[in-house]
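*Asks:* For reference, the sequence and a predicted model appear below.
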Amino acid sequence: MEAEPRRLDPRSVRERVLAGEALLVCAYDSPVSFPKFPLPGAIPLERLRQLEPELARDTELVFYCRCPNDKTSVERAREYLARGFTNSSVLAGGFQSYPRGR
């Protein structure tokens, strides 16, 4: 059975991302999607893939998308969990839920 990724509260995710404790990753594979859905401190999936060889397997990865029910984020987090990244999760509510500003 596939591991089910945790869904994390947007405010706590933002705090951890800004503190450098977590990587916020746009879950879309297409390079044109990241500029459409940028979040402060986020990186595109392509950048995560470049960083993978250097990352510890327990690095906190939080995926986000703009899909109903966080569909793409859940799929991407499952993929990374299956590949041994044990701290992969989903931004609950996705792009729209992330706190902006200070």
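*Replies:* Yep, that arrived.

*Asks:* who touches Arg7 in this structure?
*Replies:* Arg7 is in contact with 70, 89-92, counting by CB atoms under 8 Å, 6 or more residues apart in numbering. Any C-beta I mention is one placed from the backbone N, CA and C, and that applies to glycine too.

*Asks:* so where does it fall, helix or strand?
*Replies:* Assigned by DSSP states H and E, Arg7 belongs to strand 6-8.

*Asks:* Report all helices and strands that the top helix by length along the chain contacts.
*Replies:* The longest helix of the chain (DSSP state H) is helix 71-82. Where contact means 3 or more CB pairs under 8 Å, 6 or more residues apart in numbering; DSSP states H and E, helix 71-82 is packed against strand 61-64, strand 88-91.

*Asks:* and Leu23, what is it in contact with?
*Replies:* 17, 43, 48, 51, 59-62.
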